[in-house]
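In: Need the 3D shape of this:
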Amino acid sequence: MSTIKIPYGRTHLEAVIPDSNLIGVFDSSLPDASGSQHENVAAALDSPVDSPRLEVLAAGRKSAVVISSDHTRPVPSRIIMPQILERLRRGAPDIDITILVATGFHRATSQAELIDKYGEKIVAEERIVVHDSRDQSSLVSLGRLPSGGELILNRLAVECDLLVAEGFIEPHFFAGFSGGRKSVLPGIASAETVLANHCSEFIQSTFARAGNLENNPIHRDMLFAAGKAGLAFIVNVVLDHEKRIIKTFAGHAVRAHEAGCRFLSASCKVTVPEAADIVVTGNGGYPLDQNIYQAVKGMTSGEAVCRPGGVIVMVAACSDGHGGESFYENMANAACPMQILKRVAGVSMENTVPDQWEFQILARILARNKVIMVTADCDPGIIKAMHMEHAFTLEQAMRRAFELAGSAARVAVIPDGVSVIVENIN
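Out: Below is the predicted model:
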């Protein structure tokens, strides 16, 4: 018998699986963090990729905006942000700095979440603006994206003298990788721009998958947006399973991000040797498993290796509920997932609705596989309304999964579905 552990909130859940059923536990080969995280960031800032140091870029500038990831991302801003601020002021002591929280299409970050993210000192002493994708007064148009959608971004970022971004890089289920250009689009884009970039046609593209940037139409628009915004410098980190910094990539907005993506690609690809009857996966725990919306990301790793008709057991606390009204309503009001897919396939870019990409991907998964959501922190009624089964514990979910797939079912375990690039063997 083998005991498996899946991250859940700030802890983990366990279950026992017979060795005869277990295909294996598949995780990235990323090393654990070692040494000082502060020194890791400082070293990258001292030797940026294809760019002058940040303090050199800041010299002579009157204003700077630092785009910062929101509450749904595990970016260690308490470590990164103070160093960015110090470097900017080292180069320009009187520079006017704004921290712009990149909420994208998410809800606003709360005051308590800001303090948790940055610490009381930064929240008390720095100017922090939480981006609102629907506040027309704070937005400005920069023309058209390569795809044809209008590029509308936060005015603060566009009009500052120096635009910087902090973030982290991990596999992303349709943008290829997070980080870099994603701070701009969707991070500080208008709702209209986000909707155009996340349209049905792009989500359907076989190039819009985890670990792939080449010919990815979503990535192409994001790169263009970051260039038009003038993103000059990034500080992106790669994290281990404990959300500690393994490596920092600072410097040129494109080149530093590419370096981080190459580093991840070498460590995060996993191959499951056979199609699984049951896949057990998770979303890496807090903060990315706060709602069902985000949990779809982890499910896509299960989708890649689960046989048609198989079962995906998804472990995520979902203490924040479904994570999006449109996401929930479109799932709950459909007779079945296939109905959603047929309807969304005919939606043009300009008619994309909020959360369409998320319910499109969830419907794609559910049209092929049964999903059991494991959580003791979310209303089971929400989960069932969205065409999934619910289990309070991982043990309960595994019993149900074996009922559905058979006692001889072959099980693949991917503890953190958002940290790996799963090779599709089906």
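In: neighbours of Val235, just the number please.
Out: Number of residues near Val235 (other C-beta atoms under 10 Å) recorded here: 26. Placement of C-beta: from N, CA and C, glycine included.
In: Quick check: Arg73 vs Ile169, distance?
Out: Applying C-beta to C-beta, to the nearest Å, the value for Arg73 to Ile169 is 11 Å.
In: For Ala44, pull up the helix or strand it's in.
Out: Element membership of Ala44, judged by DSSP states H and E, is helix 37-46.
In: swap that for Ala225, sorry
Out: Per DSSP H and E: helix 217-229 holds Ala225.
In: Name the residues of that helix that come out as buried.
Out: 217-226, 228-229 (16 or more other C-beta atoms under 10 Å).
In: quick one: contacts of that helix?
Out: 142-143, 145-147, 149, 151, 153, 157-158, 163, 174-176, 180-185, 188-189, 193, 196-198, 201-203, 205, 207-208, 213, 253-254 (C-beta atoms under 8 Å, 6 or more residues apart in numbering).
In: Can you say which of those residues are buried?
Out: The neighbour count (16+ other C-beta under 10 Å) marks 142, 145, 147, 149, 151, 153, 157-158, 163, 174-176, 180-185, 188-189, 193, 196-198, 202-203, 207-208, 213, 253-254 as buried among the contacts of helix 217-229.
In: Just those residues: which are in helices?
Out: If you go by DSSP state H, these have 157-158, 193, 196-197, 202-203 in helices.
In: Check the gap between Ile372 and Ser407 for me.
Out: 17 Å.
In: Please identify which of these two sits among more neighbours.
Out: Neighbour tally, Ile372 and Ser407, criterion other C-beta under 10 Å: the higher count belongs to Ile372, 23 against 8.
In: Shouldn't the more buried one be within a helix?
Out: No: remark: Ile372 does not belong to a helix; assigned using DSSP: H, G, I helix; E, B strand; the rest coil, it is strand.
In: And the strands in the stretch 151-300 of the chain?
Out: 162-168, 171-172, 176-177, 231-239, 245-251, 269-270, 276-282 (DSSP state E, counting those that start in this stretch).
In: Please identify the deepest-packed of those strands.
Out: Burial of these is given as mean neighbour count (mean count of other C-beta atoms under 10 Å); strand 276-282 ranks first at a mean of 29.
In: on that earlier part again, pLDDT and distance to Arg364 added to the ones in helices among the buried ones among the contacts of helix 217-229, as JSON lines?
Out: Formatted as JSON lines, those follow (pLDDT from 0 to 100; distance: C-beta to C-beta, whole Å):
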{"residue": "Ala157", "pLDDT": "98", "distance to Arg364": "33"}
{"residue": "Val158", "pLDDT": "97", "distance to Arg364": "35"}
{"residue": "Thr193", "pLDDT": "96", "distance to Arg364": "24"}
{"residue": "Ala196", "pLDDT": "93", "distance to Arg364": "20"}
{"residue": "Asn197", "pLDDT": "94", "distance to Arg364": "18"}
{"residue": "Phe202", "pLDDT": "94", "distance to Arg364": "14"}
{"residue": "Ile203", "pLDDT": "94", "distance to Arg364": "9"}
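In: Tell me the buried residues in the host helix or strand of Thr98?
Out: Secondary-structure assignment from DSSP H and E places Thr98 in strand 96-102. For strand 96-102, a neighbour-count test (16+ other C-beta under 10 Å) marks 97-102 as buried.
In: and the residues you listed as JSON lines, adding distance to Arg87 and pLDDT?
Out: Conversion of those to JSON lines gives the following (distance: C-beta to C-beta, whole Å; pLDDT from 0 to 100):
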{"residue": "Ile97", "distance to Arg87": "11", "pLDDT": "98"}
{"residue": "Thr98", "distance to Arg87": "16", "pLDDT": "98"}
{"residue": "Ile99", "distance to Arg87": "14", "pLDDT": "98"}
{"residue": "Leu100", "distance to Arg87": "17", "pLDDT": "98"}
{"residue": "Val101", "distance to Arg87": "20", "pLDDT": "96"}
{"residue": "Ala102", "distance to Arg87": "20", "pLDDT": "95"}
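In: Show me which of those is closest to Tyr118.
Out: Taking C-beta to C-beta as the measure, Tyr118 lies nearest Ile99 of the buried residues of strand 96-102, at 7.7 Å.
In: Can you tell me the element the closest residue to that closest one other than its chain neighbours falls in?
Out: Setting aside the residues directly before and after it, Ile99 is nearest to Ile128 in space (C-beta to C-beta, 6 or more residues apart in numbering), at 4.6 Å. According to DSSP H and E, Ile128 maps onto strand 127-130.
In: who does that strand pair up with?
Out: Each strand paired with strand 127-130, and its direction, by DSSP bridges: strand 96-102 (parallel).
In: Please report the distance of the closest residue to Met349 other than its chain neighbours from Gly149.
Out: Closest residue to Met349 apart from its sequence neighbours, by C-beta to C-beta, 6+ apart: Cys199 at 4.2 Å. Computed with C-beta to C-beta, the distance linking Cys199 and Gly149 is 8 Å.
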